[in-house]
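*Asks:* have a look; sequence and predicted model below, questions after that.
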Amino acid sequence: MTSVAKFIMNSKYIRNLATLVISYGMCINLVEVSWKSKIKQAFPNPNDYSAFMGNFSSAMGTFTLGMMLVGRSIFARFGWRTAALVTPTMIGVTGLAFYALNMAGSAISPVATMLGTTPLMLAVLVGALQNILSKSSKYSLFDPCKEMAYIPLDQESKTKGKAAIDVVGNPMGKSGGAMIQQILIFLVGSLASATPYLAVLLTAIIFLWFRSANSLAGQFEEAMQKA
């Protein structure tokens, strides 16, 4: 583990790539846990909960298929940099919208009533949209970008880089998001009370994600020209 961490820290290219992977895992975890707690509040009946998740899964599959088709055009017309920035943009915009609805609470009741729903259900639906957009953009753009980033590397860097990302990047993203929420719940008492802090953290992570993606894009383009 120490050698893997050292390899990541010594290579700016791999470090940027690891930051992308860790950021995705943390962002998804931060928003998804809050969203699922809202679903349980909205659908206390197990059958209703299962029905909602079934519809959600169907929507996820359909939208992901569409994004897979659109993703090719994005790569062809706009290149790696733009494709790499779509996922953090999706997560940032929709994630902050979800948190804003949670913090607004009953204050948005008039708007929810106009839409024929409740503040809670509105938050659930926006959270579902957030999850669908985030994961479909991951499968169609983020994952291909990650794999393409390995192409210009030499065989040793490619092998060690993939191993480092798998050993450190993926687990750290998922566990990091969960750990942050546990600490905040311990400090403020509940997940709902932690929402403003989660929104700030999400913004900070997205900022780091953008910075690393832009840096990696420059390195990737330069390396591809030399290859």
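*Replies:* Sure, I can see it.
*Asks:* pLDDT averaged over stretch 213-224 - what is it?
*Replies:* The average of the pLDDT scores along stretch 213-224 is 93.
*Asks:* which element follows the stretch of helix or strand residue 65 belongs to toward the C-terminus?
*Replies:* Here residue 65 sits within helix 46-104, counting by DSSP states H and E. With elements assigned by DSSP H and E, the helix or strand that comes after helix 46-104 is helix 109-114.
*Asks:* what does that following helix contact?
*Replies:* 118-119, 121-122 (Cβ atoms under 8 Å, 6 or more residues apart in numbering). For every residue, glycine as well, the C-beta is placed using N, CA and C.
*Asks:* and residue 130, how close does it get to residue 27?
*Replies:* Counting by Cβ to Cβ, to the nearest Å, the separation of residue 130 from residue 27 is 10 Å.
*Asks:* same check, this time on residue 66
*Replies:* 22 Å.
*Asks:* so between the two, which is more surrounded?
*Replies:* Under the neighbour definition other Cβ atoms under 10 Å, residue 66 and residue 27 were set side by side, and residue 27 has more, 23 against 12.
*Asks:* now do the contacts for that one.
*Replies:* Residue 27 neighbours (Cβ under 8 Å, 6+ apart): 88, 91-92, 95, 134, 177, 202, 205-206, 209.
*Asks:* buried set for the helix or strand hosting it?
*Replies:* Assigned by DSSP H and E, residue 27 belongs to helix 12-42. By 16 or more other Cβ atoms under 10 Å, the buried positions in helix 12-42 come out as 13-32, 34-35, 38-39, 42.
*Asks:* okay then, goodbye and thanks.
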